[in-house]
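**Student:** A predicted structure for the sequence below; I have some questions about it.
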Amino acid sequence: AQSVSQHNHHVILSEAASLELGCNYSYGGTVNLFWYVQYPGQHLQLLLKYFSGDPLVKGIKGFEAEFIKSKFSFNLRKPSVQWSDTAEYFCAVLGGDDKIIFGKGTRLHILP
Amino acid sequence: DSGVTQTPKHLITATGQRVTLRCSPRSGDLSVYWYQQSLDQGLQFLIQYYNGEERAKGNILERFSAQQFPDLHSELNLSSLELGDSALYFCASSASRGGPAFFGQGTRLTVV
């Protein structure tokens, strides 16, 4: 069965620091990968997604993620975070059975 | 505003009761997804519909059912409610089958 693992449950950074949130998945076939963000009190929003092609995917708000097939990873990065990036971030994988599985989420707290 | 509308926003009901949650997808989106978010289970995929037909099923209990109507809105029916069903229920939509793109604000269900 497919699964998604987000290693960091809680990350605290200062403004302007660089961010990397880890995401590993287990699924033997072709996958589609997603990162979603949930700002406090709001609904989830799609940050970026990978279906095929260039493994480096650029999303909204300066985020990017790199799909490394050999490592089953899809880490989220941002070179310089802002206080407004404080939110919970979810990695998700969509396998061939059309079931989308979410990770447990990473709470990111940016110190002003 | 994501364009996905969920009603009601809050619902408080007693154990053993039945409730119906409603979702209107973004205009033109054919896929509707339902998720349950709770503190202990995280974000769990329940079920997906595409253009009126069930497309994928996740961790949906037998006490729960859903359908998508010809006008593409969807309803999630939860019956014989238990305290553990208290959670935030999200609906999401997308134009195709490639994963949820737009989420609603959710319905917070409290079972007392």
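**Tutor:** Alright, I've got the coordinates. Numbers count the residues shown, from 1 in each chain, chains lettered A, B, ... in the order given.

**Student:** C-alpha from now on. contacts and neighbour counts both.
**Tutor:** Will do.

**Student:** Which parts of the chain are strands?
**Tutor:** I went with chain A, as the question did not name one. Along chain A, counting by DSSP state E, strands occupy A:3-5, A:10-14, A:19-21, A:24-26, A:32-38, A:44-50, A:56-58, A:64-68, A:73-78, A:87-94, A:100-102, A:106-111.

**Student:** was after chain B, sorry
**Tutor:** Listed in chain order, the strands found in chain B under DSSP E are B:5-7, B:10-13, B:19-24, B:31-38, B:42-50, B:53-57, B:64-68, B:74-78, B:87-94, B:102-103, B:107-111.

**Student:** circling back: output the strands of chain A in CSV, with distance to B:Ala56 and mean neighbour count appended to each entry.
**Tutor:** Output for those, formatted as CSV (distance: least, C-alpha to C-alpha, whole Å; neighbours: other C-alpha atoms under 10 Å in any protein chain shown):
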stretch, distance to B:Ala56, mean neighbour count
strand A:3-5, 16, 19
strand A:10-14, 31, 14
strand A:19-21, 28, 18
strand A:24-26, 19, 20
strand A:32-38, 15, 23
strand A:44-50, 20, 22
strand A:56-58, 26, 16
strand A:64-68, 25, 20
strand A:73-78, 23, 21
strand A:87-94, 11, 25
strand A:100-102, 9, 25
strand A:106-111, 26, 19
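
**Student:** Close to chain A: what parts of chain B are there?
**Tutor:** Residues of chain B found near chain A (C-alpha under 8 Å from any C-alpha of the partner chain) are B:42-45, B:55-58, B:97-99, B:101-106.

**Student:** show me what contacts the residue in chain B that chain A sits nearest to?
**Tutor:** Closest residue of chain B to chain A, C-alpha to the nearest C-alpha: B:Gln105 (4.8 Å). Taking C-alpha atoms under 8 Å, 6 or more residues apart in numbering or on different chains as the contact definition, B:Gln105 lies against A:42-43, B:4-6, B:9, B:90.

**Student:** out of these, which are buried?
**Tutor:** By neighbour count, with 16 or more other C-alpha atoms under 10 Å in any protein chain shown, these hold A:43, B:4-6, B:9, B:90 as buried.

**Student:** Worst mean pLDDT across the helices and strands of chain B, which element?
**Tutor:** Using mean pLDDT, DSSP states H and E, the weakest-scoring helix or strand in chain B turns out to be strand B:102-103, at a mean of 88.

**Student:** for chain A, same thing?
**Tutor:** Ranked by mean pLDDT, DSSP H and E, the helix or strand of chain A with the weakest confidence is strand A:100-102, at a mean of 87.

**Student:** Give the other helices and strands that it contacts.
**Tutor:** Secondary-structure packing of strand A:100-102 (3 or more C-alpha pairs under 8 Å, 6 or more residues apart in numbering or on different chains; DSSP states H and E): strand A:3-5, strand A:87-94, strand B:42-50.

**Student:** helices or strands up against the second one?
**Tutor:** Same thing as strand A:87-94. Helices and strands touching strand A:87-94, by 3+ C-alpha pairs under 8 Å, 6+ apart, are strand A:3-5, strand A:32-38, strand A:100-102, strand A:106-111.

**Student:** Go through these and name the closest to B:Glu82.
**Tutor:** Smallest distance to B:Glu82 across the helices and strands packed on strand A:87-94 (C-alpha to C-alpha): 23.9 Å, for strand A:100-102.

**Student:** What pairs with that closest one, parallel or antiparallel?
**Tutor:** Strand A:100-102 sits in its sheet next to strand A:87-94 (antiparallel), going by DSSP bridges.

**Student:** And for the least confident helix or strand of chain B, what's in contact with it?
**Tutor:** Applying C-alpha under 8 Å, 6+ apart, the contact partners of strand B:102-103 are A:43-46, B:2-4, B:26, B:90-94.
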